[in-house]
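> Starting from these lines, generate the structure:
(2 chains)
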There are 2 protein chains.
Amino acid sequence: MGMRHDSQDRNAEREEQERRLKTSMGRIKHKIVVLSGKGGVGKSTVTANLGMALARKEPAGRVGILDADITGPSIPKMLGVRGRRLDVGLPGVFPAIGPLDMRIVSMDFFLASDDTPVIWRGPLKSMAIKQFLADVVWGDLDFLVVDLPPGTGDEALTIMQSIPSIGGVVIVTIPSEVSQIVVKKAVTFTRKLNAPVLGIVENMSGFVCPKCGTETSIFRTGGGQEIAEQLGVPFLGKIPLDPRICEDSDMGTPFIIQHSDSPAAVAFMEIVATISRTF
Amino acid sequence: MGMRHDSQDRNAEREEQERRLKTSMGRIKHKIVVLSGKGGVGKSTVTANLGMALARKEPAGRVGILDADITGPSIPKMLGVRGRRLDVGLPGVFPAIGPLDMRIVSMDFFLASDDTPVIWRGPLKSMAIKQFLADVVWGDLDFLVVDLPPGTGDEALTIMQSIPSIGGVVIVTIPSEVSQIVVKKAVTFTRKLNAPVLGIVENMSGFVCPKCGTETSIFRTGGGQEIAEQLGVPFLGKIPLDPRICEDSDMGTPFIIQHSDSPAAVAFMEIVATISRTF
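Sure, this is the predicted structure:
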């Protein structure tokens, strides 16, 4: 009897969580997920800068970033809110407030210290993510940009399935052919989950020497556009390599605000304009 | 009764698998695992080139690469053996033979097509990996270099736990501070699993303009050495950014052979010399 009771309680709890999740997510107009077939293509950098680019366009406090990359959450460091403690009130957990009134929540806020690896097994992760999503008090937002864990594995799958009515998915890649293979996987993954593909962003495209102006394609070039055409999905644009993007990320100052006239910042603003037009 | 029988059979099968795994791995002198706290730092590129650098030093046919990155296996493309069918005989599955007689096995050989994402749940993955490791006929090798899935999550954990007596772990990072956080996690992860840390490789360090010779630290510089000192682990060396590394990977020709005089190839040879000295 006791066990049956427990499982009834758990079910009721789960239903209640589901309800809160739906209510909370229902107050966010557009939920955009940033995905990459593999890590290290600059998914988090692109998420942070797309979020900041949206925040420049929208009224204050109407854009949020959810750093759902539980294995390597880097958004707080990039946006200068690392180590921030979140306020907890009656309705739930309040996001940290970043530059341009950005609402930020990251798994990083809940990790004990730098050197704690998240050696969590699947089921635990899934529960943590759902609680995460249900308990955050985002309020009314125009955009929530979600930084997914890299790849098309368990974590990405769980998070995608936990977010009701995703407005669209942005897929980030670098130009190399080796990376094109995983872009195909990311598109297939998105389609299987019935989410709209907003398009592909080619990151780390071409590097212009600051001394002589010579452009070198360190990771090749054009791979993003090529694979977009091949798969019949929109190509959103190229972000050139710029050492200041990495510097700003390390300093916790948003590149797109610090260097708003740079070709890379202009590219981010154009991508955001394209995304805004699709809604 | 029937069910009990089944579970007895399964146990016997598992014990038999474990035995074959131990026998097979026992014939390999040094098992080196290449790990990164996050993806996209060039872990697979480093694995491929370290493997080829070892193959240049060792007698023919004494080095193997196991591409255990089940979410985005890229070694076969990098070493020009993509799409190769593996021979299966009585003792098991035979590795593909790559450049310099390299023995290569990759999950990519078992995937249906480019656009099939490996949306596998944890338990299935773990079984696949163990079978993988038990069924491959590596023969007598001096070195097996294992390309782990990126990060310190389930997959990396499962594979690390499946390989008996790991000789050492090489941790790959890019120089940026954001990446240093995950290096700490990778070191903690390795120590928790009682495997020796061979050292840290700083990849994508500095780029020299081919036109004017100006060096730019696109992803900053020195982060690898800094974190190695901080954590008290050896620093193995820096690999500079070189567009030919990416080109060669896309062409399936090993960079270290094609451009053996380049600073990056020399850096790889030096790292391998250091690793060899530790055994």
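
> Which strands or helices does the lengthiest helix in chain A pack on?
Looking across chain A with DSSP state H, the single longest helix is helix A:2-26. Contact partners of helix A:2-26 among helices and strands, from 3 or more C-beta pairs under 8 Å, 6 or more residues apart in numbering or on different chains; DSSP states H and E: helix A:122-135. Using the backbone N, CA and C atoms, a C-beta is placed for each residue, glycine as well.

> Which helix or strand contains the residue in the stretch 1-150 of chain A that chain B sits nearest to?
Closest residue of the stretch 1-150 of chain A to chain B, C-beta to the nearest C-beta: residue A:40 (1.1 Å). Residue A:40 belongs to no helix or strand when assigned by DSSP states H and E.

> how about it, phi and psi?
The phi and psi values for residue A:40, taken as degrees, to the nearest 10, are phi 70, psi 10.

> my guess is it meets residue A:150, correct?
Yes - here residue A:40 lies in contact with residue A:150, judged by C-beta atoms under 8 Å, at a distance of 7.3 Å.

> If you count surrounding residues, which of the two has more?
Of the pair residue A:40 and residue A:150, residue A:150 is the one with more neighbours under other C-beta atoms under 10 Å in any protein chain shown, namely 30 against 23.

> which secondary structure element contains the closest residue to residue A:83 other than its chain neighbours?
Excluding the flanking residues, the one nearest residue A:83 by C-beta to C-beta, 6 or more residues apart in numbering or on different chains is residue A:76, at 7.6 Å. Assigned by DSSP H and E, residue A:76 belongs to helix A:75-78.

> going on from the longest helix of chain A, what's the next piece of helix or strand?
strand A:28-36.

> Just checking: what are the partner strands of that next one?
Counting by DSSP bridges, the strands paired with strand A:28-36 are strand A:141-147 (parallel), strand A:168-173 (parallel).

> And for stretch A:22-31, what's in contact with it?
Stretch A:22-31 is contacted from outside by A:64, A:92, A:133-134, A:136-144, A:146, A:163-168, A:279, using C-beta atoms under 8 Å, 6 or more residues apart in numbering or on different chains.

> Quick one, which of those are buried?
A:64, A:92, A:133-134, A:136-138, A:141-144, A:146, A:163, A:166-168 (16 or more other C-beta atoms under 10 Å in any protein chain shown).

> quick one: which two of the residues you listed are the most distant?
A:92 and A:168 (26.0 Å; C-beta to C-beta).

> Residue A:170 pairs with what?
Bridge pairing for residue A:170 - DSSP bridges - gives residue A:34, residue A:199.

> chain center to stretch A:144-151: distance?
Distance of stretch A:144-151 from its chain centroid, counting by C-alpha atoms, centre = their mean, to the nearest Å, is 3 Å.

> what do you get for stretch A:263-275?
When distances are taken as C-alpha atoms, centre = their mean, stretch A:263-275 is centred 16 Å away from the chain's centroid.

> tell me which residues of that stretch are tucked away?
In stretch A:263-275, the ones that count as buried by 16+ other C-beta under 10 Å are A:264-269, A:271-272, A:275.

> Show me which of these is closest to residue B:178.
residue A:264 (16.7 Å).

> Name the SS class of the closest one, please.
helix (DSSP: H, G, I helix; E, B strand; the rest coil).

> what about residue A:157, how many neighbours?
With other C-beta under 10 Å as criterion, residue A:157 counts 21.

> How much space separates the residue lying closest to residue A:208 once chain neighbours are set aside from residue B:205?
What sits nearest to residue A:208 in space, not counting adjacent residues and going by C-beta to C-beta, 6+ apart, is residue A:215, at 5.0 Å. According to C-beta to C-beta, to the nearest Å, residue A:215 and residue B:205 sit 21 Å apart.

> for the helix or strand hosting residue A:224, the distance to its chain's centre please.
In this assignment (DSSP H and E), residue A:224 forms part of helix A:223-231. Once both centres are worked out by C-alpha atoms, centre = their mean, helix A:223-231 turns out to sit 21 Å from its chain's centre.

> Point to the helix or strand of chain A where mean pLDDT is at its lowest.
helix A:122-135 (a mean of 71; mean pLDDT, DSSP states H and E).

> before we move on, the earlier item: how many degrees apart are the longest helix of chain A and strand A:141-147 in direction?
For helix A:2-26 against strand A:141-147, the angle by axes from the mean of the first three to the mean of the last three C-alpha atoms, to 10 degrees is 120 degrees.

> In helix A:2-26, which residues are buried?
A:17, A:20-21, A:24-25.

> how about low-confidence regions in chain A?
Along chain A, segments meeting pLDDT under 70 span A:1-5, A:111-128.

> For the spatially most central residue of it, list the residues it contacts.
Nearest to the geometric centre of chain A sits residue A:147, at 1.8 Å (C-alpha atoms, centre = their mean). Contacts for residue A:147 (C-beta under 8 Å, 6+ apart) come out as A:34, A:43-44, A:47-48, A:65-69, A:75.

> repeat that for 6 Å
Taking C-beta atoms under 6 Å, 6 or more residues apart in numbering or on different chains as the criterion, residue A:147 is in contact with A:34, A:44, A:47, A:67, A:69, A:75.

> Output these in JSON lines; the columns should cover neighbour count.
Shown next, in JSON lines, are those (neighbours: other C-beta atoms under 10 Å in any protein chain shown):
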{"residue": "A:34", "neighbour count": "24"}
{"residue": "A:44", "neighbour count": "28"}
{"residue": "A:47", "neighbour count": "29"}
{"residue": "A:67", "neighbour count": "26"}
{"residue": "A:69", "neighbour count": "28"}
{"residue": "A:75", "neighbour count": "29"}
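
> Next up, the contacts around residue A:134.
A:17, A:20-21.

> gap between residue A:266 and chain B?
Between residue A:266 and chain B the computed distance is 19 Å (C-beta to the nearest C-beta, to the nearest Å).

> Where do the strands of the stretch 151-279 of chain A begin and end?
A:168-173, A:197-208, A:215-216, A:235-241 (DSSP state E, counting those that start in this stretch).

> what's the closest of these to residue B:110?
With distances scored as C-beta to C-beta, the stretch of those nearest to residue B:110 is strand A:168-173 (24.0 Å).

> what about that closest one, distance to the chain center?
9 Å.

> Which of the three states applies to residue A:100?
Here residue A:100 is helix, with the state taken from three-state DSSP.

> who in chain A is up against chain B?
Proximity of chain A to chain B (C-beta under 6 Å from any C-beta of the partner chain) is limited to residues A:38-41, A:71-72, A:74, A:77, A:114-115, A:117, A:119, A:122, A:150-153, A:157, A:176-178, A:181-182, A:184-185, A:188-189, A:209, A:211-212, A:214, A:216, A:218-220, A:241, A:243, A:246, A:249-250.
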